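1. Sequence and predicted structure, then a few things I'm wondering about:
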Amino acid sequence: MSTNQEEKSLIERNASCLDVNSPEDVPLYRIVPVKGPTGDVLDYYRGVQREDTGQVVSVVSNRYGLVQHRDIASAVHTVAQAMDKPDMNVESLRANPHFRAESIRLYAQGRRMEVKLVIGQKFRLDSQNEFYPAVRVFNSLDGAWAVRVEAFGVRLACTNQLYAGARSFLEFRELHLSSPSDMLGQIEKAIYQALDHFEGALEHYAKAMDQRIHVTDFVPALERAGLPQRHVKAMATGLPDHFGSVVWGEMSRWDAYQLATRYLSHEVHVNPERERRFEHAAAKALLLASGPTTEDPEMVLA
């Protein structure tokens with residue numbers, strides 16, 4: 001792909017994502033009839049229409065129960081306000097332009113939404129590795145899923161987003177059948193359930209700090225995990241000179257993973273679902289025990 005094509009693609013991807021400042025700014029939607037080619041109303045289908053623009057963003061079955069993006073965003077914000085934030089007022093963190101305690105993004109022409117919430121409770125492995133647990137909450141207006149909640153981590157030193165383990169993922173289809181009064185309680189429960197597994201993520205991080213991989217395994221591992229080659233090449237630029245801990249062509253899996261997540265967190269601009277897939281692929285390739293290590297006979301260089 002040429003440079004001009006890449007720039008055009010980036011503009012198109014960014015245009016399909018909209019950052020929203022607060023829950024009150026999230027658009028409202030309504031269910032409307034859908035007409036077929038002859039002009040007759042289709043009994044088994046409904047449209048989901050944005051109230052302010054009149055745009056129909058999706059067509060769903062007549063059994064679909066609409067849960068407003070705004071209600072989800074408001075519920076997450078309410079939970080955030082009620083949580084203790086003992087470590088959230090660190091001056092260096094608040095001054096970091098990459099750090100946002102709460103964020104809302106609409107994408108796929110408004111059919112889908114992601115809300116991110118960083119919890120103000122610090123976890124510490126050592127002086128260089130301190131973390132905040134966080135959650136991303138997804139909602140869809142196209143029937144693809146109901147509400148999904150997943151934990152992730154934020155490393156304070158560089159505000160990289162980190163994988164927090166498969167057990168931190170929850171999906172609640174019953175939320176599309178719940179009354180509004182139930183929603184806040186269910187969202188709060190889902191967020192706490194996801195966060196309950198964050199200490200398991202710390203175990204992954206600690207193990208990765210103790211295991212080493214060959215520098216030459218960095219690129220193939222990420223490509224096998226499904227990351228696009230152009231991103232892998234960008235991550236690997238200057239790789240041997242990047243780490244102070246490189247010894248005889250080896251580095252810790254943690255250092256390798258941080259190089260990947262630094263690029264993914266701050267240089268890649270894609271929709272939230274693709275961002276999540278990239279995050280998981282990097283973890284599979286470099287962070288988790290299934291990734292290559294110097295202890296794996298098949299990975300040892302001749």
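-> Yep, it's here.
2. Look at Gly226 and say how many residues are nearby.
-> 13 (other Cβ atoms under 10 Å). (Glycine included, C-beta is placed from N, CA and C.)
3. Is Ile119 in contact with Ala194, as I believe?
-> No: when contacts are counted by Cβ atoms under 8 Å, Ile119 is not listed as touching Ala194 (10.2 Å).
4. Between those two, which contacts overlap?
-> Val135 (Cβ atoms under 8 Å, 6 or more residues apart in numbering).
5. Where do the helices of this protein begin and end?
-> 3-15, 69-82, 91-94, 180-196, 198-210, 218-224, 229-235, 239-242, 253-266, 272-282 (DSSP state H).
6. Output these as TSV; include the columns mean neighbour count, mean pLDDT and distance to Val48.
-> TSV is the format used below for the helices of the chain (neighbours: other Cβ atoms under 10 Å; pLDDT from 0 to 100; distance: least, Cβ to Cβ, whole Å):
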stretch	mean neighbour count	mean pLDDT	distance to Val48
helix 3-15	11	45	21
helix 69-82	19	91	11
helix 91-94	12	54	37
helix 180-196	17	78	17
helix 198-210	17	89	34
helix 218-224	19	93	37
helix 229-235	15	92	33
helix 239-242	14	60	46
helix 253-266	22	91	31
helix 272-282	20	91	18
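7. Could you save those as JSON lines and add columns showing distance to Glu51?
-> Formatted as JSON lines, these follow (distance: least, Cβ to Cβ, whole Å):
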{"stretch": "helix 3-15", "distance to Glu51": "22"}
{"stretch": "helix 69-82", "distance to Glu51": "10"}
{"stretch": "helix 91-94", "distance to Glu51": "35"}
{"stretch": "helix 180-196", "distance to Glu51": "17"}
{"stretch": "helix 198-210", "distance to Glu51": "37"}
{"stretch": "helix 218-224", "distance to Glu51": "43"}
{"stretch": "helix 229-235", "distance to Glu51": "38"}
{"stretch": "helix 239-242", "distance to Glu51": "50"}
{"stretch": "helix 253-266", "distance to Glu51": "34"}
{"stretch": "helix 272-282", "distance to Glu51": "23"}
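8. among those helices, which is nearest Leu156?
-> helix 91-94 (6.4 Å; Cβ to Cβ).
9. For the spatially closest residue to Ile187 that is not a sequence neighbour, give its distance to Lys284.
-> Leaving aside its sequence neighbours, Ile187 sits nearest to Ala75 (Cβ to Cβ, 6 or more residues apart in numbering; 4.2 Å). Distance, Ala75 to Lys284, using Cβ to Cβ, to the nearest Å: 31 Å.
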